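Predicted model, plus sequence, below.
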Amino acid sequence: MQKRAPVAKRAATGRSAKPVARLPGVDEVLRSEAARPLLESHPHPRAVEGVRAAIDELRRAPARGPATAASIAARAAAWLAEDVFQRLRPVVNATGVILHTNLGRAVLPPSAVVALAAMDRCCSLQIDLDTGARGKRHAMSERLLCRLTGAEAALVVNNNAAATLLALAALCAGREVVVSRGQLIEIGGSYRLPDCVHQSGATLVEVGTTNKTHLRDYEAALTDRTAAVMRVNPSNYRIIGFSKEVPVSDLVTLRKGRPDLLVLDDLGCGALVDLTRFGLPHEPTVPESVRAGADLSFFSGDKLIGGPQAGILVGRAALIAKIKKHPLTRMLRVGKMTDLVLERTLRLFLEPERLPETNPTWRMLTLPAAALRVQAEALLAAAVAAGAPAACLRVVPCDSTTGGGSLPGHPIPSFAVAARRDGLPAATLLRRLRRHDPPVIGRIEDDGVILDVRTLLDGEDAIVARAVGAALGAGGPA
């Protein structure tokens with residue numbers, strides 16, 4: 001029998017796959033003269049990380065031509081620059097979406113940011129400064145929440161989904177929770193209310209139809225196993241026309257003869273003041289829910305409050321005390337940074353008439369369109385001065401939106417600078433703006449890029465003007 005040729009010999013005869021060209025090793029690259037700028041710009045461990053990443057890229061997709069130490073050092077520098085660029089960083093929101101989830105939702109109030117910047121040392125998170133004994137976490141935030149809502153007690157956790165889960169797990173596990181079919185929502189991140197109820201250990205009982213639920217539907221569902229009836233804010237989902245839902249004040253009447261029945265109100269966006277006083281649509285407020293008799297109301301801290309991501313529960317003291325003893329509470333509680341920012345944001349609501357001055361979210365919500373038109377015209381002029389062709393820009397009316405599931409279906413009149421250049425796709429222009437430092441985030445509309453000035457902060461007009469000038473220039477980045 002003929003012997004098989006050794007593997008090495010078979011390779012030499014060309015009867016196997018073409019061998020991959022030898023790549024320089026990490027040490028070889030770092031010792032090269034080409035790597036000197038890399039080592040001067042980055043700590044040695046980061047330079048090593050970049051070179052390894054560049055070599056790994058070449059192994060996966062070999063470059064045309066030989067890979068040299070110089071070419072790998074250049075790839076490493078590009079990889080490290082991109083790694084830095086993609087980190088969590090400030091961006092300019094020119095989308096017109098005030099509470100943009102992808103951009104961190106609410107812009108924090110300046111007073112909260114100043115307080116946060118001072119937290120470079122130990123703090124009084126859980127100490128009684130009078131006695132020196134162990135104090136209560138979030139005591140000031142909870143006190144402010146009670147003052148602003150009229151509730152007996154409050155609790156802060158990491159988001160409203162957590163607040164809902166915690167309330168159900170602590171108060172309704174092993175029993176039934178009655179919810180209208182029209183409120184069994186799914187929101188961003190694939191959060192589904194039925195799944196939340198199931199995970200809490202409670203049993204979901206659906207009542208009514210998708211578009212209409214009556215008080216009698218809730219009444220018919222009550223049994224000895226019922227722990228609570230729950231109203232849920234449908235977030236950015238709305239049924240209009242032939243529809244009906246039961247207000248919390250009516251749900252409270254179901255407690256007659258059932259003193260242990262709980263009425264839970266998931267408010268979602270958490271308005272603390274009546275929005276109509278600022279010319280906005282009415283959104284059920286937390287104080288209204290408390291006054292209506294809800295045993296517990298829960299809502300977000302980063303939507304209409306304009307603070308950090310947080311979930312807030314307010315209501316009867318006995319129920320809050322029971323929830324605080326549940327094991328999930330420690331797992332879902334917030335840290336000192338969130339507590340500090342929330343407390344500083346809540347303080348602004350003690351002077352609600354000044355919210356458009358002190359709270360960026362409320363400023364964006366209430367800016368008049370006439371003032372925004374003037375701002376857009378000034379932005380266009382600044383962009384032209386920064387090198388953008390005047391023929392590529394125009395001021396246009398547009399609609400902003402609140403976002404974050406707040407005030408859905410309510411467009412807010414605004415003005416924007418529309419940018420378009422022949423031969424330059426809108427997606428490419430939008431990417432150029434995102435690659436600016438700092439990135440500028442806009443939106444595409446009618447085959448052009450729209451930069452809505454409603455969501456720009458003080459000083460950001462100049463950033464947008466420079467970014468537009470660079471992006472529309474002939475030599476703009478790819």
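The structure has been received and is ready for your questions.

okay, CA-based contacts and neighbour counts for the rest of this
Noted.

can you give me the strands for the stretch 151-300 of the chain?
153-157, 176-180, 186-187, 191-192, 203-207, 226-232, 262-268, 296-300 (DSSP state E, counting those that start in this stretch).

Now the fourth one: average pLDDT?
Same thing as strand 191-192. For strand 191-192, mean pLDDT is 87.

what do you get for stretch 279-297?
95.

Give me the residues contacting it.
148-151, 248-249, 252, 262-267, 270-276, 313-316, 319, 366, 407, 410 (Cα atoms under 8 Å, 6 or more residues apart in numbering).

The helix or strand of the chain with the lowest mean pLDDT: what's the following helix or strand?
The helix or strand of the chain with the poorest confidence is helix 7-12; it has a mean of 44 (mean pLDDT, DSSP states H and E). Next along the chain after helix 7-12, taking DSSP states H and E as the criterion, comes helix 26-31.

so what does whichever helix or strand comes after that following helix touch, helix or strand wise?
Downstream of helix 26-31, the first helix or strand assigned by DSSP H and E is helix 36-41. Using 3 or more Cα pairs under 8 Å, 6 or more residues apart in numbering; DSSP states H and E as the contact test, the elements touching helix 36-41 are helix 69-85.

Can you measure across stretch 436-451, start residue to end residue?
End-to-end distance of stretch 436-451 (Cα to Cα, to the nearest Å): 14 Å.

repeat for stretch 207-226
Stretch 207-226 has an end-to-end distance of 13 Å (Cα to Cα).

do the same with stretch 199-210
Distance between the two ends of stretch 199-210: 23 Å, counting by Cα to Cα.

got a pLDDT number for the residue nearest to A73 when sequence neighbours are not counted?
Nearest non-adjacent residue to A73, counting by Cα to Cα, 6 or more residues apart in numbering: A35, 5.5 Å away. In this model, A35 is scored at 93, pLDDT.

thought A35 was touching D27?
No. If you go by Cα atoms under 8 Å, A35 and D27 don't touch, sitting 10.3 Å apart.

the more surrounded of the two?
Higher neighbour count among A35 and D27: A35, with 22 against 12, using other Cα atoms under 10 Å.

Okay, the more buried one and V273: tell me how far apart.
Going from A35 to V273 by Cα to Cα gives 59 Å.

ok so, going back, E40 is nearest to which of the strands of the stretch 151-300 of the chain?
strand 153-157 (44.4 Å; Cα to Cα).

residues making contact with the closest one?
Under the contact criterion Cα under 8 Å, 6+ apart, strand 153-157 has outside partners 138, 142-143, 145-146, 163, 310-317, 320, 324, 329, 332-334.

can we see that at 7 Å?
For strand 153-157, contacts defined as Cα atoms under 7 Å, 6 or more residues apart in numbering pick out 142, 145-146, 163, 310-317, 320, 332-334.

which among these end up buried?
142, 145-146, 163, 310-316, 320, 332-334 (16 or more other Cα atoms under 10 Å).

among those residues, which are in helices?
E142, L145, C146, A163, I320, L332 (DSSP state H).

Max pairwise distance over those residues: which two?
Across those, the longest distance by Cα to Cα is 20.5 Å; it joins C146 and L332.

The helix or strand where V374 lies packs against which elements?
For V374, the host element (DSSP H and E) is helix 369-385. In terms of contacts (3 or more Cα pairs under 7 Å, 6 or more residues apart in numbering; DSSP states H and E), helix 369-385 is packed against strand 393-400, strand 412-419, helix 460-472.

would you turn those into TSV with distance to Q375, mean pLDDT and mean neighbour count?
Below are the helices and strands packed on helix 369-385 laid out as TSV (distance: least, Cα to Cα, whole Å; pLDDT from 0 to 100; neighbours: other Cα atoms under 10 Å):
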stretch	distance to Q375	mean pLDDT	mean neighbour count
strand 393-400	10	97	19
strand 412-419	8	97	24
helix 460-472	8	97	22
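
Could you say which one of these comes nearest to V229?
V229 lies closest, by Cα to Cα, to one member of the helices and strands packed on helix 369-385: strand 412-419, at 34.3 Å.

helices or strands up against the helix or strand just after that closest one?
The helix or strand immediately downstream of strand 412-419 is helix 426-434, counting by DSSP H and E. Secondary-structure packing of helix 426-434 (3+ Cα pairs under 7 Å, 6+ apart): strand 440-441, strand 448-452, helix 460-472.

Mind putting those into JSON lines with distance to A117?
Below are the helices and strands packed on helix 426-434 laid out as JSON lines (distance: least, Cα to Cα, whole Å):
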{"stretch": "strand 440-441", "distance to A117": "24"}
{"stretch": "strand 448-452", "distance to A117": "29"}
{"stretch": "helix 460-472", "distance to A117": "21"}
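
Quick one: closest of those to A133.
A133 sits nearest to helix 460-472 of all the helices and strands packed on helix 426-434, at 46.1 Å, using Cα to Cα.

Between helix 426-434 and the closest one, find me the angle.
130 degrees (axes from the mean of the first three to the mean of the last three Cα atoms, to 10 degrees).

So which elements touch helix 460-472?
By 3+ Cα pairs under 7 Å, 6+ apart, helix 460-472 packs against helix 369-385, helix 426-434.

beta partners of A228?
Bridge pairing for A228 (DSSP bridges) gives the partners V177, L262.

I figured it was touching V179, is that so?
No. Assessed by Cα atoms under 7 Å, A228 is found out of contact with V179, at 9.0 Å.

out of everything not next to it in sequence, what's closest to G174?
When the adjacent residues along the chain are set aside, G174 lies closest to A202, with 5.1 Å between them (Cα to Cα, 6+ apart).

Then H410?
In space, H410 is closest to T401, 6.9 Å off (Cα to Cα, 6+ apart).

I figured that neighbour hits V97, correct?
Yes. At 5.0 Å, T401 and V97 qualify as touching, with contact defined as Cα under 7 Å.

Please enumerate the shared neighbours of these two.
Counting by Cα under 7 Å, 6+ apart, nothing touches both T401 and V97.

Okay, now the unreliable bits of the stretch 51-200 of the chain?
Applying pLDDT under 70 to the stretch 51-200 of the chain flags residues 189.

Which parts of it are helices?
Counting by DSSP state H, counting those that start in this stretch, the stretch 51-200 of the chain has helices at residues 69-85, 110-117, 139-149, 160-172, 193-200.
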